[in-house]
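Undergrad: this one's structure only:
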């Protein structure tokens with residue numbers, strides 16, 4: 001996979017150099033945009049596009065639907081502001097907030113229940129791992145072992 005990526009980069013850089021030979025003025029911003037585009041294109045052709053995973057595990061279709069309804073009501077209200085549309089938007093905003101809040105609360109309750117079960121089953125490592133996630137939140141593991149997370 002690495003060699004394919006390198007070959008793809010070499011091809012794209014070759015195309016870029018022929019374009020630069022015809023270009024009279026070298027602008028740093030233009031060059032950077034082209035270089036960034038070349039790297040992205042080569043990576044996308046070799047590995048493919050992988051969307052970022054959603055880290056909000058509690059967020060489900062019910063929350064999504066409530067937020068979509070709220071946003072649609074907001075757009076209607078902004079397009080033509082009337083008192084009835086504002087009241088409808090405020091009603092849907094409260095519903096969306098309550099829906100997401102309740103869903104997140106049940107998710108966190110389940111996580112805490114799992115920690116308690118791990119402690120009862122004497123799986124202390126798993127319990128601390130879960131507890132650390134709750135107190136510190138999610139953070140990238142791309143940092144080296146000697147760097148501290150703040």
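TA: Yes, it's here. Since the model is a prediction, treat every value here as computed from it, not as a measurement.

Undergrad: centre-most residue in the chain?
TA: The residue lying closest to the centre of the chain (C-alpha atoms, centre = their mean) is residue 52, at 5.0 Å.

Undergrad: domain-wise, how is this structure divided?
TA: The chain resolves into domains spanning 2-46, 61-136 when parsed by automatic domain parsing.

Undergrad: still on that earlier bit, what about the residue nearest to the centre of the chain, distance to residue 116?
TA: 32 Å (C-beta to C-beta, to the nearest Å). Any C-beta I mention is one placed from the backbone N, CA and C, and that applies to glycine too.

Undergrad: check residue 51 too.
TA: Taking C-beta to C-beta, one finds residue 51 at 34 Å from residue 116.

Undergrad: neighbour count: these two, which is higher?
TA: residue 116 (11 against 5; other C-beta atoms under 10 Å).

Undergrad: packing partners for the host helix or strand of the more buried one?
TA: Using DSSP states H and E, residue 116 sits in helix 83-120. Using 3 or more C-beta pairs under 8 Å, 6 or more residues apart in numbering; DSSP states H and E as the contact test, the elements touching helix 83-120 are helix 61-79, helix 124-136.

Undergrad: what lies in contact with the shortest one?
TA: Residues lying outside helix 124-136 but in contact with it, judged by C-beta atoms under 8 Å, 6 or more residues apart in numbering, are 108, 111-112, 114-115, 118-119, 149.

Undergrad: quick check: angle from it to helix 83-120?
TA: 150 degrees (axes from the mean of the first three to the mean of the last three C-alpha atoms, to 10 degrees).

Undergrad: now the domains of the chain in JSON lines, with mean pLDDT?
TA: JSON lines is the format used below for the domains of the chain (pLDDT from 0 to 100):
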{"stretch": "domain 2-46", "mean pLDDT": "74"}
{"stretch": "domain 61-136", "mean pLDDT": "91"}
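
Undergrad: brilliant, that's me finished.
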